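Trainee: can you look at this prediction? I've put the sequence above it.
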Amino acid sequence: GESVGLHLPTLSVQEGDNSIINCAYSNSASDYFIWYKQESGKGPQFIIDIRSNMDKRQGQRVTVLLNKTVKHLSLQIAATQPGDSAVYFCAENSNDYKLSFGAGTTVTVRA
Amino acid sequence: DVKVTQSSRYLVKRTGEKVFLECVQDMDHENMFWYRQDPGLGLRLIYFSYDVKMKEKGDIPEGYSVSREKKERFSLILESASTNQTSMYLCASTREGAYGYTFGSGTRLTVV
(Lines give C-alpha, C1' and ligand atoms only; values in the text may rest on other atoms or scores of the structure.)
Protein backbone atom coordinates (compact mmCIF):
# COMPACT_ATOMS: atom_id res chain seq x y z
CA GLY A 1 0.00 0.00 0.00
CA GLU A 2 0.93 3.66 0.00
CA SER A 3 3.26 4.76 2.74
CA VAL A 4 5.05 7.78 4.08
CA GLY A 5 8.58 7.41 5.29
CA LEU A 6 11.42 9.41 6.73
CA HIS A 7 14.96 9.04 5.50
CA LEU A 8 16.72 8.93 8.85
CA PRO A 9 15.46 7.70 12.20
CA THR A 10 17.73 9.99 14.20
CA LEU A 11 19.32 13.41 13.80
CA SER A 12 21.80 15.05 16.15
CA VAL A 13 22.26 18.79 15.74
CA GLN A 14 24.27 21.44 17.53
CA GLU A 15 22.28 24.12 19.29
CA GLY A 16 22.04 27.17 17.06
CA ASP A 17 22.54 25.24 13.83
CA ASN A 18 19.81 24.66 11.26
CA SER A 19 18.10 21.26 11.13
CA ILE A 20 16.75 19.54 8.06
CA ILE A 21 14.42 16.59 8.43
CA ASN A 22 13.49 14.66 5.31
CA CYS A 23 10.50 12.63 4.31
CA ALA A 24 9.67 10.60 1.20
CA TYR A 25 6.11 9.84 0.27
CA SER A 26 4.78 7.43 -2.29
CA ASN A 27 1.19 8.48 -2.94
CA SER A 28 1.36 10.84 -5.91
CA ALA A 29 -2.32 11.67 -5.43
CA SER A 30 -1.78 13.18 -1.97
CA ASP A 31 -2.50 16.87 -1.95
CA TYR A 32 -1.88 17.84 1.64
CA PHE A 33 1.06 17.28 3.95
CA ILE A 34 1.67 18.03 7.61
CA TRP A 35 4.60 18.00 9.97
CA TYR A 36 4.01 17.06 13.58
CA LYS A 37 6.30 17.32 16.59
CA GLN A 38 6.02 14.87 19.47
CA GLU A 39 7.78 15.61 22.71
CA SER A 40 8.40 12.92 25.26
CA GLY A 41 5.20 11.92 27.06
CA LYS A 42 2.97 14.01 24.84
CA GLY A 43 0.83 13.52 21.79
CA PRO A 44 1.91 14.85 18.38
CA GLN A 45 1.45 18.57 17.87
CA PHE A 46 0.86 20.32 14.57
CA ILE A 47 3.85 22.34 13.32
CA ILE A 48 3.16 23.33 9.75
CA ASP A 49 1.28 22.13 6.69
CA ILE A 50 1.52 22.55 2.94
CA ARG A 51 -0.77 21.85 0.02
CA SER A 52 0.43 20.27 -3.18
CA ASN A 53 -0.06 23.47 -5.16
CA MET A 54 2.78 25.03 -3.19
CA ASP A 55 6.53 24.35 -3.11
CA LYS A 56 7.40 26.15 0.09
CA ARG A 57 5.74 27.45 3.18
CA GLN A 58 7.28 29.29 6.09
CA GLY A 59 6.31 29.53 9.70
CA GLN A 60 8.06 30.77 12.77
CA ARG A 61 11.60 29.31 12.51
CA VAL A 62 10.28 26.46 10.38
CA THR A 63 10.05 25.99 6.63
CA VAL A 64 8.47 23.12 4.75
CA LEU A 65 9.58 22.31 1.23
CA LEU A 66 7.68 20.09 -1.14
CA ASN A 67 9.18 18.52 -4.26
CA LYS A 68 6.40 16.73 -6.05
CA THR A 69 8.66 15.57 -8.86
CA VAL A 70 10.58 13.26 -6.55
CA LYS A 71 7.86 13.01 -3.90
CA HIS A 72 9.98 14.52 -1.18
CA LEU A 73 9.07 16.67 1.77
CA SER A 74 11.43 18.38 4.18
CA LEU A 75 11.20 20.39 7.37
CA GLN A 76 13.84 22.98 8.09
CA ILE A 77 14.24 24.37 11.60
CA ALA A 78 16.30 27.52 11.90
CA ALA A 79 18.58 28.14 14.86
CA THR A 80 17.71 24.87 16.57
CA GLN A 81 17.02 25.15 20.29
CA PRO A 82 16.99 22.55 23.10
CA GLY A 83 13.20 22.71 23.07
CA ASP A 84 13.24 21.41 19.51
CA SER A 85 14.38 18.00 20.75
CA ALA A 86 11.51 15.68 19.84
CA VAL A 87 10.29 13.14 17.34
CA TYR A 88 9.13 14.68 14.07
CA PHE A 89 6.57 13.02 11.81
CA CYS A 90 5.49 13.85 8.33
CA ALA A 91 1.99 12.90 7.29
CA GLU A 92 0.05 12.90 4.04
CA ASN A 93 -3.63 12.68 3.41
CA SER A 94 -4.47 9.29 2.01
CA ASN A 95 -8.18 9.72 1.40
CA ASP A 96 -11.33 10.86 3.14
CA TYR A 97 -9.36 13.04 5.54
CA LYS A 98 -7.28 10.18 6.85
CA LEU A 99 -3.61 10.84 7.39
CA SER A 100 -0.78 8.38 6.82
CA PHE A 101 2.27 8.91 8.98
CA GLY A 102 5.93 8.15 8.58
CA ALA A 103 7.99 6.36 11.21
CA GLY A 104 9.42 9.59 12.60
CA THR A 105 12.84 11.16 13.07
CA THR A 106 14.19 11.70 16.58
CA VAL A 107 15.99 15.04 16.79
CA THR A 108 18.49 15.55 19.60
CA VAL A 109 19.90 19.02 20.17
CA ARG A 110 23.44 19.15 21.59
CA ALA A 111 24.29 22.02 23.87
CA ASP B 1 -7.71 25.53 22.78
CA VAL B 2 -8.98 22.30 21.33
CA LYS B 3 -8.54 19.58 23.83
CA VAL B 4 -8.50 15.85 23.30
CA THR B 5 -8.41 13.97 26.56
CA GLN B 6 -7.50 10.35 26.98
CA SER B 7 -8.66 9.00 30.29
CA SER B 8 -5.55 7.05 31.23
CA ARG B 9 -1.86 7.79 30.67
CA TYR B 10 -0.69 4.32 31.69
CA LEU B 11 -2.52 1.02 31.86
CA VAL B 12 -1.37 -2.48 32.71
CA LYS B 13 -3.74 -5.29 31.80
CA ARG B 14 -3.58 -9.05 31.75
CA THR B 15 -3.81 -11.22 28.66
CA GLY B 16 -7.41 -12.01 27.86
CA GLU B 17 -8.90 -9.00 29.65
CA LYS B 18 -11.36 -6.70 27.92
CA VAL B 19 -9.84 -3.24 27.81
CA PHE B 20 -11.55 0.09 27.24
CA LEU B 21 -9.61 3.17 26.17
CA GLU B 22 -11.60 6.37 26.36
CA CYS B 23 -11.17 9.58 24.40
CA VAL B 24 -13.13 12.80 24.74
CA GLN B 25 -12.84 15.98 22.68
CA ASP B 26 -14.39 19.31 23.56
CA MET B 27 -14.54 21.11 20.21
CA ASP B 28 -17.53 19.46 18.59
CA HIS B 29 -15.35 17.74 16.00
CA GLU B 30 -17.06 15.33 13.67
CA ASN B 31 -14.06 13.12 12.95
CA MET B 32 -12.26 11.01 15.52
CA PHE B 33 -9.44 8.54 15.11
CA TRP B 34 -7.56 5.88 17.03
CA TYR B 35 -3.92 5.18 16.20
CA ARG B 36 -1.31 2.97 17.75
CA GLN B 37 2.29 4.04 17.84
CA ASP B 38 5.18 1.58 17.86
CA PRO B 39 8.91 2.23 17.53
CA GLY B 40 10.03 2.21 13.93
CA LEU B 41 6.47 1.85 12.62
CA GLY B 42 5.09 5.31 13.20
CA LEU B 43 1.38 5.81 13.70
CA ARG B 44 -0.97 3.22 12.31
CA LEU B 45 -4.68 3.80 12.01
CA ILE B 46 -6.90 1.34 13.87
CA TYR B 47 -10.39 2.80 13.48
CA PHE B 48 -12.01 6.12 12.74
CA SER B 49 -15.42 7.68 12.91
CA TYR B 50 -17.03 10.46 10.91
CA ASP B 51 -20.12 10.82 13.03
CA VAL B 52 -22.02 9.44 15.95
CA LYS B 53 -22.61 5.70 15.65
CA MET B 54 -20.47 5.56 12.50
CA LYS B 55 -17.20 3.69 12.38
CA GLU B 56 -14.76 2.67 9.71
CA LYS B 57 -11.87 0.23 9.83
CA GLY B 58 -8.40 1.61 9.47
CA ASP B 59 -5.28 -0.27 8.48
CA ILE B 60 -4.98 -2.57 11.50
CA PRO B 61 -8.46 -3.17 13.00
CA GLU B 62 -7.96 -6.81 13.95
CA GLY B 63 -8.41 -7.41 17.65
CA TYR B 64 -10.07 -4.03 18.22
CA SER B 65 -13.53 -2.53 18.12
CA VAL B 66 -14.83 0.98 18.74
CA SER B 67 -17.88 2.76 20.01
CA ARG B 68 -19.14 6.26 19.35
CA GLU B 69 -22.43 6.81 21.10
CA LYS B 70 -21.88 10.53 21.60
CA LYS B 71 -20.16 13.01 19.34
CA GLU B 72 -17.51 13.96 21.86
CA ARG B 73 -16.51 10.45 22.92
CA PHE B 74 -14.76 7.71 20.95
CA SER B 75 -13.87 4.50 22.76
CA LEU B 76 -11.40 1.86 21.67
CA ILE B 77 -12.07 -1.66 22.89
CA LEU B 78 -9.67 -4.55 23.03
CA GLU B 79 -11.98 -7.52 23.18
CA SER B 80 -9.35 -9.90 24.56
CA ALA B 81 -6.04 -8.21 25.18
CA SER B 82 -2.91 -9.87 23.90
CA THR B 83 0.75 -9.08 24.49
CA ASN B 84 1.18 -7.87 20.90
CA GLN B 85 -1.26 -5.08 21.69
CA THR B 86 1.22 -3.54 24.09
CA SER B 87 1.67 -0.11 22.58
CA MET B 88 1.06 3.62 22.79
CA TYR B 89 -2.48 4.46 21.75
CA LEU B 90 -3.27 7.91 20.42
CA CYS B 91 -6.67 9.44 19.89
CA ALA B 92 -7.17 12.37 17.51
CA SER B 93 -10.01 14.51 16.26
CA THR B 94 -10.67 17.02 13.53
CA ARG B 95 -13.63 18.94 12.22
CA GLU B 96 -15.38 17.87 9.07
CA GLY B 97 -13.40 18.83 5.98
CA ALA B 98 -10.15 19.42 7.84
CA TYR B 99 -6.95 17.41 7.85
CA GLY B 100 -5.14 18.88 10.80
CA TYR B 101 -5.61 16.45 13.64
CA THR B 102 -5.51 17.38 17.29
CA PHE B 103 -4.06 14.55 19.33
CA GLY B 104 -4.50 13.48 22.89
CA SER B 105 -1.49 12.77 25.10
CA GLY B 106 -1.71 9.06 24.55
CA THR B 107 -2.30 5.95 26.64
CA ARG B 108 0.60 3.61 27.11
CA LEU B 109 -0.89 0.14 27.44
CA THR B 110 1.09 -2.83 28.64
CA VAL B 111 -0.45 -6.29 28.36
CA VAL B 112 1.21 -8.89 30.55
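Mentor: In hand now; what should we look at?
Trainee: please make it C-alpha for all contacts and neighbour counts, starting now.
Mentor: Noted.
Trainee: how about stretch B:58-76, which residues are buried there?
Mentor: B:58, B:61, B:64-68, B:71-76 (16 or more other Cα atoms under 10 Å in any protein chain shown).
Trainee: tally of neighbours for residue 8?
Mentor: Just so you know, I chose chain A. Neighbours of A:Leu8 under the rule other Cα atoms under 10 Å in any protein chain shown: 13.
Trainee: chain B was what I was after
Mentor: The burial count for B:Ser8: 14, using other Cα under 10 Å.
Trainee: where does it land in three-state SS?
Mentor: Secondary structure, DSSP: H, G, I helix; E, B strand; the rest coil: B:Ser8 is coil.
Trainee: so what's it closest to, chain neighbours aside?
Mentor: B:Thr107 (5.7 Å; Cα to Cα, 6 or more residues apart in numbering or on different chains).
Trainee: and the strands in chain B, which stretches?
Mentor: Using DSSP state E, the strands found in chain B span residues B:4-6, B:10-13, B:19-21, B:23-25, B:31-38, B:42-49, B:56-57, B:64-70, B:73-78, B:87-94, B:102-103, B:107-111.
Trainee: helices or strands next to the fourth one in the packing?
Mentor: So the one you mean is strand B:23-25. Under the contact criterion of 3 or more Cα pairs under 8 Å, 6 or more residues apart in numbering or on different chains; DSSP states H and E, strand B:23-25 touches strand B:4-6, strand B:73-78.
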